[in-house]
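**Student:** I would like the atomic coordinates for the input below:
(chains A and B)
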Amino acid sequence: SQTIHQWPATLVQPVGSPLSLECTVEGTSNPNLYWYRQAAGRGLQLLFYSVGIGQISSEVPQNLSASRPQDRQFILSSKKLLLSDSGFYLCAWTRGGGDYGYTFGSGTRLTVV
Amino acid sequence: AQSVTQLDSQVPVFEEAPVELRCNYSSSVSVYLFWYVQYPNQGLQLLLKYLSGSTLVKGINGFEAEFNKSQTSFHLRKPSVHISDTAEYFCAVTLGGTGNQFYFGTGTSLTVIP
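**Tutor:** As a prediction, the model looks like this:
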């Protein structure tokens, strides 16, 4: 069966520090991978998605970046965090075609102080 | 492009009462529709999905939804809610058969009152 792992679960980082959140999927190959952010009391904002290794589509221009160094690994990064980067970050995967729906990771609560 | 509207941001309901969470979508082509539930500080979990066929789909935890093409709606219902149903609910749409990107509504916060 397929599983998705996302870590860390919580993170407190000072303003201006770097960020690296990692997401890995097991039990499938060539998944579509996604990073979403959920601000407090808000809906889901798509940040990045990837349909293959090295293929990254950015939905929101900001100080975040994403990389997909391996087929089942998706990394969200920042060189310098802002206060506005605080939120709940969710990784998700699906297979192409849309019929499978998303499977989400358990999320990372990021607080920038 | 597709879009999803969840008309109710908050829905309070008494325990054991029925509930309907509304979702309308906008698309000129065939779509797949989904409902997800999110408990506090957790990821989203798939409740149910409509791909094709019968317009009434049943999901986990006693929830069901009905696809109405003429009204472009996909409302979520449960005949009798429990305290444990208190959560955030998201409706989502993607292009049928080719969708790589899902579009989410802004969510409906369901609060079940004892």
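**Student:** residues contacting the residue lying closest to A:Gly27 once chain neighbours are set aside?
**Tutor:** Nearest residue to A:Gly27, sequence neighbours excluded (C-beta to C-beta, 6 or more residues apart in numbering or on different chains): A:Gln2, at 3.9 Å. Where C-beta positions appear, they are placed from N, C-alpha and C, glycine not excepted. A:Gln2 sits next to A:Val25, A:Glu26, A:Gly27, A:Thr28, A:Trp93, A:Thr103 when contact means C-beta atoms under 8 Å, 6 or more residues apart in numbering or on different chains.
**Student:** Farthest pair within those residues?
**Tutor:** Within these, A:Glu26 and A:Thr103 form the most distant pair, 11.2 Å apart (C-beta to C-beta).
**Student:** Now do the shared contacts for those two.
**Tutor:** Common contacts of A:Glu26 and A:Thr103 (C-beta under 8 Å, 6+ apart): A:Gln2, A:Ile4.
**Student:** if we can go back for a sec, before we move on, could you check phi and psi at the residue nearest to A:Gly27?
**Tutor:** phi -90, psi 140 (degrees, to the nearest 10).
**Student:** Flag every residue of chain B that's near chain A.
**Tutor:** B:32, B:34, B:36, B:41-46, B:49, B:51, B:90, B:92, B:94-102, B:104-107 (C-beta under 8 Å from any C-beta of the partner chain).
**Student:** one more time with 10 Å
**Tutor:** B:4, B:6, B:9, B:31-36, B:38, B:41-49, B:51-52, B:88, B:90, B:92-107, B:109 (C-beta under 10 Å from any C-beta of the partner chain).
**Student:** Quick one, which of the residues you listed are buried?
**Tutor:** Burial by neighbour count, 16 or more other C-beta atoms under 10 Å in any protein chain shown: within those this picks out B:4, B:6, B:31-36, B:38, B:42-44, B:46-49, B:51, B:88, B:90, B:92-96, B:99-105, B:107, B:109.
**Student:** Out of these, list just those in strands.
**Tutor:** Taking DSSP state E, the ones among those that sit in strands are B:4, B:31-36, B:38, B:44, B:46-49, B:88, B:90, B:92-95, B:103-104, B:109.
**Student:** what are the ranges of the strands in chain A?
**Tutor:** Assigned strands in chain A, in chain order: A:3-7, A:10-13, A:19-26, A:32-38, A:44-52, A:55-58, A:64-70, A:73-78, A:87-94, A:103-104, A:108-112 (criterion: DSSP E).
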